[in-house]
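Student: my questions are about this predicted structure, shown below with the sequence.
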Amino acid sequence: MLLIEQVRDRLIQDFGGRMPNGQSGSAAERERNFLSRALAAYTIHKYVGATLDEAATSIVDGGGDCGIDAIYYSPNSHRLWVVQSKYFADGQGEPALGDVSKFRDGVEALLQGNFEAFANNAEITRRVPLLRTYFGDAALQVRGVLVYSGIHTVSEDRIRIFEEIRRRFSQDNDYLSFLNFNLTSIHDLLTGADQVPGVDIDELTIHRPGYLPDPYETYYGLVRLADLAALQATHGTQLVTANIRNYKGTTEVNAKIGSTIRENPEFFFYMNNGLTAYCSRIEPNNLDRGNNERKRLRVLGFSVVNGAQTLGAIGAFPDPTPNPFPEGFVFLKIISLATCPDEKAFAQQITRATNYQNQVGLRDFVALDSEQERIRSHLELSGIFYHYKENENDPAPDDANFILVEATTSLACLEQDLDFCARALTNRRSLWSQEVTFPEDELDTRYRRLFRPDRTATTIWRAVQAQREVVRRCQENGRASTGKRKEYFENARWLILHIIFIRLHPEREDPLALTVDEISNIRREVDEIAEALWFLAEQYGQHRHFRTVFSNVEDCRRMKAAAMARLAAAAHGV
């Protein structure tokens with residue numbers, strides 16, 4: 001499993017040399033012991049904010065630990081973090097009920113000041129004087145953490161164990177609470193997927209400011225073009241991470257934005273719709289609170305969700321040095337999500353609503369789906385880069401890069417329903433449709449059927465690689481053909497790919513890249529399938545274009561059935 005491999009590699013990278021392997025058992029047992037302790041330390045490092053060395057020294061795992069693997073005190077938050085960790089090499093399972101109960105008892109001993117319970121553990125005993133100091137702090141909060149490298153969510157019976165002790169020690173306040181992290185949560189920490197996108201801006205000046213306090217704090221007004229150009233130069237595409245698309249480069253619209261900056265910068269405000277952004281928090285400069293002409297703001301987690309083309313065109317404007325940047329303004333609205341109960345969901349609503357007013361297509365809204373970011377982040381750690389937003393700087397598809405269209409068509413051919421395969425040929429945009437098409441299916445749109453949560457990033461990347469080999473071989477055969485047969489290879493590729501998936505299953509995981517033998521088998525199978533299909537397709541194509549034949553679902557079904565029968569007969573020597 002890709003996720004567990006990436007987590008294992010990071011644990012070894014960060015904590016190899018910072019803590020020793022286990023001292024007893026087989027080599028596999030010693031490594032598992034190390035990885036379990038490293039998992040506790042990594043959680044302290046990423047979630048709590050400790051340095052790697054601080055996280056490594058938080059480990060107390062050993063005899064007499066009462067189920068506790070790490071203890072870390074964060075002085076800034078006055079929080080004591082108590083961790084139990086379990087490493088599962090196959091990425092499956094959850095901590096045993098007995099282990100969780102033991103951990104509960106260890107936490108309870110700490111809460112009661114029963115440090116004698118840890119007399120046989122040298123690491124915890126050494127910390128007792130400090131623990132007494134921590135528990136003497138009236139502002140102390142205790143956080144119990146159960147972390148494990150299994151994909152499954154923690155069972156209800158484990159949660160009830162923690163809930164019972166929480167009610168006893170912290171019924172009416174947040175003195176004690178418990179968190180749990182499974183493999184997916186840990187991987188999110190690894191990739192940063194747990195973070196809301198955006199950048200921190202120390203000072204952003206808004207002229208002629210307006211302010212709305214409710215329901216979500218919002219500042220709006222004018223920002224100098226030069227200030228936005230400076231932000232773009234500093235942060236680049238990080239400013240528009242949450243947008244449905246990045247800067248698209250030299251388009252007709254963006255060229256007009258650039259000409260307005262160059263020729264009539266003083267009129268820019270009147271000719272542009274402006275920018276909408278959200279952030280995690282806004283802190284106005286105290287000296288400007290009574291200033292109605294300008295507000296200097298510290299903005300945390302700033303992200304532009306509408307206006308990426310405007311921002312990109314401003315940033316792409318030729319460097320006017322030694323002359324100053326053209327003097328003009330653009331309208332900006334910043335919405336703080338600090339008090340929003342579900343900031344990610346509301347942020348998506350803002351992005352979707354503000355972009356409906358623009359000329360955006362179905363594929364642009366695909367960028368809002370968290371499944372796309374999941375695929376990207378899961379592969380990035382292995383050096384494979386998935387580009388699902390339109391961006392002028394995206395590299396061409398190659399051995400380390402692929403794009404949304406490739407992922408979409410390969411998944412369409414993975415579907416059993418040949419309607420998807422036919423659409424890959426003639427109507428790919430419809431595969432991104434968000435309209436309900438399958439009312440009895442919880443994956444109720446074409447898009448949801450393709451990009452569903454149970455399809456791993458590895459599956460998608462391997463399917464794309466298989467697709468490339470099929471397309472490449474069909475192109476070779478097409479160049480070697482003439483007339484109707486040449487047209488046949490141009491249009492039969494998606495049905496051939498569909499049958500390849502049925503017969504060879506190249507999308508199945510492990511390893512991440514197709515092997516030389518797998519590629520050879522795919523190319524050989526393409527030739528066999530193409531000949532089996534040609535036998536029937538030639539009859540259909542006598543009086544029709546092959547594009548019409550292969551975009552007709554019923555024709556595809558009949559050709560597929562006949563081709564599969566011929567291939568099966570050939571395999572048995574019939």
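Tutor: That came through, no problem. Residues are numbered from 1 along each chain as shown.

Student: CA atoms only for stretch 121-130, dumped as PDB, please.
Tutor: The C-alpha trace of stretch 121-130 is given here as PDB (Å, rounded to 0.1, in the frame of the first residue of the first chain):
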ATOM      1  CA  ASN A 121      10.000   2.800  33.700                       C
ATOM      2  CA  ALA A 122      13.200   4.800  33.900                       C
ATOM      3  CA  GLU A 123      12.100   7.400  31.400                       C
ATOM      4  CA  ILE A 124       8.800   8.300  33.100                       C
ATOM      5  CA  THR A 125      10.400   8.200  36.500                       C
ATOM      6  CA  ARG A 126      13.000  10.700  35.400                       C
ATOM      7  CA  ARG A 127      10.200  13.000  34.300                       C
ATOM      8  CA  VAL A 128       8.200  12.800  37.600                       C
ATOM      9  CA  PRO A 129       9.500  16.200  39.000                       C
ATOM     10  CA  LEU A 130       8.500  17.900  35.800                       C
END
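
Student: roughly how far is that stretch from the heart of the chain?
Tutor: 40 Å (CA atoms, centre = their mean, to the nearest Å).

Student: and stretch 405-421, by the same measure?
Tutor: The answer for stretch 405-421 is 22 Å, by CA atoms, centre = their mean.

Student: quick check: mean pLDDT of that stretch?
Tutor: Here stretch 405-421 scores 96 as its mean pLDDT.

Student: ok, stretch 535-549 next?
Tutor: 81.

Student: which outside residues touch it?
Tutor: The contact list for stretch 535-549 (CB atoms under 8 Å, 6 or more residues apart in numbering) reads 425-426, 484, 487-488, 490-492, 550, 555, 558-559, 562-563, 566. (Each C-beta comes from the backbone N, C-alpha and C, glycine too.)

Student: quick check on these: which are buried?
Tutor: 425, 487-488, 491-492, 550, 555, 559, 563, 566 (16 or more other CB atoms under 10 Å).

Student: these in helices, which ones?
Tutor: With helices taken from DSSP state H, the overlap with the buried ones among the contacts of stretch 535-549 comprises 425, 487-488, 491-492, 550, 555, 559, 563, 566.

Student: dump the residues you listed to TSV, plus distance to Tyr72.
Tutor: Shown next, in TSV, are these (distance: CB to CB, whole Å):
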residue	distance to Tyr72
Leu425	57
Glu487	67
Tyr488	66
Asn491	62
Ala492	61
Phe550	61
Asp555	65
Met559	63
Ala563	62
Arg566	66
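
Student: where are the low-confidence patches of the stretch 301-450 of the chain?
Tutor: Filtered on pLDDT under 70, the stretch 301-450 of the chain yields the residue ranges 318-323, 341-365, 368, 391-393.

Student: and the furthest pair within the contacts of stretch 535-549?
Tutor: Thr426 and Arg566 (25.7 Å; CB to CB).

Student: would you map the helices across the stretch 401-550 of the chain?
Tutor: Along the stretch 401-550 of the chain, the stretches classed as helices by DSSP state H, counting those that start in this stretch are 404-414, 418-426, 446-450, 457-479, 483-504, 516-540, 546-550.

Student: out of the contacts of stretch 535-549, who's nearest Glu293?
Tutor: Taking the contacts of stretch 535-549 together and measuring to Glu293 by CB to CB, the closest member is Thr426, at 57.7 Å.

Student: now that closest one: closest residue in space, sequence neighbours ignored.
Tutor: Ser551 (4.3 Å; CB to CB, 6 or more residues apart in numbering).

Student: how about the contacts made by the one you found?
Tutor: 422, 425-426.

Student: go on, Tyr134?
Tutor: 73, 80, 140.

Student: ok so, going back, of the contacts of stretch 535-549, closest to Ala226?
Tutor: Nearest to Ala226 among these is Thr426, at 48.0 Å by CB to CB.

Student: can you give me the helices in the stretch 201-350 of the chain?
Tutor: Assigned by DSSP H, counting those that start in this stretch, the helices in the stretch 201-350 of the chain fall at 225-235, 252-263, 268-271, 308-316, 343-355.

Student: lowest-confidence member of the contacts of Tyr134, which is it?
Tutor: The model is least sure about Leu140 among the contacts of Tyr134, giving it 93.

Student: I'd guessed it sits against Pro75; true?
Tutor: No. At 10.9 Å, Leu140 does not count as touching Pro75 under the criterion of CB atoms under 8 Å.

Student: these two: which has the busier surroundings?
Tutor: Remark: of Leu140 and Pro75, Leu140 carries more neighbours, 16 against 8, as counted by other CB atoms under 10 Å.

Student: in contact with the more buried one, which residues?
Tutor: Going by CB under 8 Å, 6+ apart, the list of residues near Leu140 reads 78-80, 134, 175.

Student: just the buried residues of the residues you listed.
Tutor: The neighbour-count criterion (16+ other CB under 10 Å) marks 79-80, 134 among these as buried.

Student: out of those residues, which is nearest to Gly144?
Tutor: So of these, ranked by how close each gets to Gly144 (CB to CB), first place is Leu80, at 9.6 Å.

Student: which SSE is that closest one in?
Tutor: Element membership of Leu80, judged by DSSP states H and E, is strand 79-86.

Student: who touches that strand?
Tutor: Contacts for strand 79-86 (CB under 8 Å, 6+ apart): 36-37, 39-40, 43-44, 48, 58, 67-74, 94-95, 99-100, 103, 106-107, 110, 131, 134, 140-150.

Student: low-confidence regions, the protein specifically.
Tutor: Across the chain (using pLDDT under 70), the flagged ranges come out as 22-23, 193-197, 241-256, 318-323, 341-365, 368, 391-393, 541-542, 573-574.

Student: how's it carved up into domains?
Tutor: Split into domains by automatic domain parsing, the chain comes to 2-191, 199-360, 376-571.

Student: wait, which of the ones you listed is closest to Ser370?
Tutor: Judging the domains of the chain by CB to CB, what sits closest to Ser370 is domain 199-360, at 8.1 Å.

Student: next one: that closest one to chain centre, how far?
Tutor: How far domain 199-360 lies from its chain's middle: 24 Å, per CA atoms, centre = their mean.

Student: quick one on the thing from earlier: need the contacts of Tyr134 in TSV with distance to Leu300, can you?
Tutor: Compiled in TSV, the contacts of Tyr134 are given as follows (distance: CB to CB, whole Å):
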residue	distance to Leu300
Tyr73	25
Leu80	26
Leu140	27
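
Student: what's the closest of the residues you listed to Glu116?
Tutor: Ranked by distance to Glu116 (CB to CB), the contacts of Tyr134 are led by Leu80 at 18.7 Å.

Student: so the closest one bridges to which residues?
Tutor: Under the criterion DSSP bridges, Leu80 forms beta bridges with Tyr73, Val142.

Student: distance check, it against Ile124.
Tutor: Distance of Leu80 to Ile124, computed by CB to CB, to the nearest Å: 13 Å.

Student: next: Lys484.
Tutor: Distance from Lys484 to Ile124, by CB to CB: 79 Å.

Student: do the same with Arg544
Tutor: Noted for Arg544: a distance of 79 Å to Ile124, by CB to CB.
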